[in-house]
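K.L.:
Predicted model and sequence follow; I will ask about them next.
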Amino acid sequence: MSAFPNVKKVVYEGAESTNPLAYRFYNAEQKVEGKTMKDHFRFSAAYWHTMRAGGSDPFGSATMVRPWEGNVDNVKNAQKRVKVFFEFLEKMQLPYYCFHDRDIAPEGKTLAESNANLDEVVKVFKDEQARTGAKLLWGTANLFGNPRYMHGAATSCNADVFAYAAAQVKKAMEITKELGGQGYTFWGGREGYQCIWNTNMKRELDNLARFMHMAVDYAKAIGFKGQFYFEPKPKEPTKHQYDFDAAACINFLRAYGLEKNIKLNIETNHATLAGHSVEHELEYAAHQGFLGSVDANTGDTLLGWDTDQFPTNVYETTKMMLVILKYGGFKTGGLNFDAKVRRESFEPIDLFYAHIGGVDAFAKGLLIAAEMRKSKELEKMTKERYSSWDNGIGAEIESGKHDFKSLEKYILKKGEIEPNNSGRQELFENIVNRYTF
Ligand code: XUL
Ligand code: CO
């Protein structure tokens, strides 16, 4: 039985289409820079938002109308939900999905019971993957929802909690492997702190690294070949999340010898909460060799928390696609819509409108980015801006021929610098607008 009987497969109808259930820009097989749109994006839906977000907020309870949900949160209901999800992926032409362990199967009274529940639900995932061809982009474990994780998981002051989290991640990695998952993500749910007075920061960070090393070792032990990701977020739920931003995460990974095994999963709204733009985070991660995957969403300029809205801003998707293209595109990662419909958008059809908007915003962004790259206008202007480094003293410095003493000699002889050129920011911005509008 169909959960969305009134929705046919969402297909590309072109920019002129006014059909709200069609793509205007996303044409899966269309090639851009020699690669299909499908392969550029590797779009993924997030199980936790799409299937599990009820729409509650601190002021009110759940609002979502989901006719397929039963009255009890049991394995049978969880299995039924998986089928609804794959019907959604199929109709949306989304090739990937992501989940947390606790999204897909109910938590039992014991770890053994939770694991058995997972096994029952994973069977249905396997069948549905085989039926539809949809794949698991990455899996993860929810190490923040249960009250036992109040002080964090790997960074908890309670050693038993560390052990429980390890056991939980062990199982989450096993099912990720079983489903052919292409990656595994660590987001430090409560890995951070609220109050410095009661916190041993060094011990917590050492333990977080210890935990990640255990995961890397276990991946080797079971032959899990997927890519690990670490997902930066500066705050929420804790005041100071240890995975603050790309730079902090990279420093952590390098400091603890994890840089060869773990890349980053950059999320738009997390970047803005850190006081960055997402293109800054992407560029920072990418040039350091850590760009892995993207959690695509957006925040609200007036709200300082993680609203996880669907991305609609073509300006922003263009900037993101420019960085992604510049660094050769996704290898193992993809664009996962870590986004949820507003609590006022409570009907199942809203899930379609939301994802269609996100997909099309990225497709349009890709087309614009590719045009900009083809003309090389900005590239040439930027190159010109740095041309003092291409020969003369600049080239000598970059090839390691100078030190402070020789540069002092150079300036003393020269007297004054070559005059600076205008940065031309406004001209750059005007040129970008020519492509965007
Ligand atoms: C939380 C967040 C998570 C991670 C996976 O802000 O983004 O959903 O993506 O745990
Ligand atoms: Co995320």
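P.N.:
All right, it came through fine. Ligands and ions are numbered 1, 2, ... in the order given.
K.L.:
near ligand 1, which residues of this structure?
P.N.:
Residues of the chain lying near ligand 1 by CB under 6 Å from any ligand atom: 100, 140, 185, 187, 231, 233, 267, 295, 306, 338. C-beta: built from backbone N, CA, C; applies to glycine.
K.L.:
Take those and keep only those in helices.
P.N.:
The helices, defined by DSSP state H, take in nothing from the residues of the chain next to ligand 1.
K.L.:
got TSV for these, with pLDDT, distance to residue 151 and neighbour count too?
P.N.:
Listed next are those as TSV, based on pLDDT from 0 to 100; distance: CB to CB, whole Å; neighbours: other CB atoms under 10 Å:
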residue	pLDDT	distance to residue 151	neighbour count
100	98	19	21
140	99	20	26
185	98	22	28
187	97	17	23
231	98	20	21
233	98	18	26
267	98	24	27
295	98	25	27
306	96	21	19
338	98	25	24
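K.L.:
wait, what's in contact with the residue of the stretch 101-250 of the chain found nearest ligand 2?
P.N.:
Nearest residue of the stretch 101-250 of the chain to ligand 2: residue 231, at 5.5 Å (CB to the ion). Contacts for residue 231 (CB atoms under 8 Å, 6 or more residues apart in numbering) come out as 185, 186, 187, 188, 243, 264, 265, 266, 267, 270, 295.
K.L.:
just residue 35 next, same as before
P.N.:
residue 329 are the contacts of residue 35 under CB under 8 Å, 6+ apart.
K.L.:
Apart from its neighbours in sequence, what residue is nearest whichever residue of the stretch 1-150 of the chain sits closest to ligand 1?
P.N.:
Taking CB to the nearest ligand atom as the measure, the stretch 1-150 of the chain has residue 140 as its residue closest to ligand 1, at 5.0 Å. The shortest distance from residue 140 to any non-neighbouring residue, by CB to CB, 6 or more residues apart in numbering, is to residue 185 (4.4 Å).
K.L.:
how many neighbours does residue 335 have?
P.N.:
Using other CB atoms under 10 Å, residue 335 has 26 neighbouring residues.
K.L.:
now swap in residue 241 and tell me
P.N.:
Count around residue 241 with other CB under 10 Å applied: 24.
K.L.:
what's the pLDDT at it?
P.N.:
We have a pLDDT of 98 for residue 241.
K.L.:
That one pairs with what?
P.N.:
Residue 241 forms beta bridges with residue 192, as assigned by DSSP bridges.
K.L.:
Quick one: residues contacting the most centrally placed residue in the chain.
P.N.:
Centroid-nearest residue in the chain, with CA atoms, centre = their mean: residue 295, separated by 2.1 Å. Residue 295 makes contact with 46, 231, 265, 266, 267, 268, 270, 336, 338, according to CB under 8 Å, 6+ apart.
K.L.:
related to what we said a few turns ago, so, if you compare the contacts of residue 231, which one comes nearest to residue 421?
P.N.:
Set against residue 421, the nearest of the contacts of residue 231 by CB to CB is residue 266 (32.3 Å).
K.L.:
How about that closest one: what's its closest non-neighbour residue?
P.N.:
Spatial nearest neighbour of residue 266, excluding adjacent residues (CB to CB, 6+ apart): residue 281 at 4.9 Å.
K.L.:
Format the CA atom coordinates belonging to the one helix or strand the one you found maps to as CSV.
P.N.:
Element membership of residue 281 [criterion: DSSP states H and E] is helix 278-287. Output in CSV follows, covering the C-alpha atoms of helix 278-287 (Å, rounded to 0.1, in the frame of the first residue of the first chain):
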residue,chain,number,x,y,z
VAL,A,278,29.4,27.5,4.9
GLU,A,279,31.7,28.2,1.9
HIS,A,280,34.4,29.3,4.4
GLU,A,281,34.1,26.0,6.2
LEU,A,282,34.1,24.0,3.0
GLU,A,283,37.1,25.9,1.6
TYR,A,284,39.0,25.5,4.9
ALA,A,285,38.3,21.8,5.1
ALA,A,286,39.0,21.1,1.5
HIS,A,287,42.3,22.9,1.1
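K.L.:
That helix and ligand 2, any residue contact?
P.N.:
No. Helix 278-287 stays clear of ligand 2 (CB under 5 Å from the ion), getting no nearer than 12.2 Å.
K.L.:
now that helix: mean pLDDT?
P.N.:
Mean predicted confidence for helix 278-287 is 98.
K.L.:
Return the set of buried residues in it.
P.N.:
Neighbour-count burial for helix 278-287, counted by 16 or more other CB atoms under 10 Å, picks out 278, 279, 280, 281, 282, 283, 284, 285, 286.
K.L.:
Contacts only, for residue 136.
P.N.:
Here residue 136 is in contact with 96, 97, 98, 99, 125, 129, 176, 179, 180, 181, 182 (CB under 8 Å, 6+ apart).
K.L.:
how does it look with 10 Å?
P.N.:
The contact partners of residue 136, taken as CB atoms under 10 Å, 6 or more residues apart in numbering, are 44, 47, 96-99, 125, 129, 175-184, 226.
K.L.:
and those residues, which of them are in strands?
P.N.:
Under the assignment DSSP state E, the contacts of residue 136 contribute 44, 96, 97, 98, 99, 183, 184 to strands.
K.L.:
how deep is the third one tucked in, by neighbour count?
P.N.:
Spelled out, it's residue 97. Residue 97, neighbours per other CB under 10 Å, totals 30.
K.L.:
Wait, it touches residue 90, no?
P.N.:
No. In this structure residue 97 lies outside contact range of residue 90 using CB atoms under 10 Å: 11.3 Å.
K.L.:
Now for the two: what residues contact both?
P.N.:
Taking CB under 10 Å, 6+ apart as the contact rule, residue 97 and residue 90 both touch 128, 134.
K.L.:
Now residue 279. Nearest residue, chain neighbours left out?
P.N.:
residue 319 is the one closest to residue 279 (CB to CB, 6+ apart), at 4.1 Å.
K.L.:
Kindly confirm my reading that the one you found is in a strand.
P.N.:
No. Counting by DSSP: H, G, I helix; E, B strand; the rest coil, residue 319 falls outside a strand, being helix.
K.L.:
Which residues are in contact with it?
P.N.:
Going by CB under 10 Å, 6+ apart, residue 319 touches 277, 278, 279, 280, 282, 283, 313, 365, 368, 369, 432.
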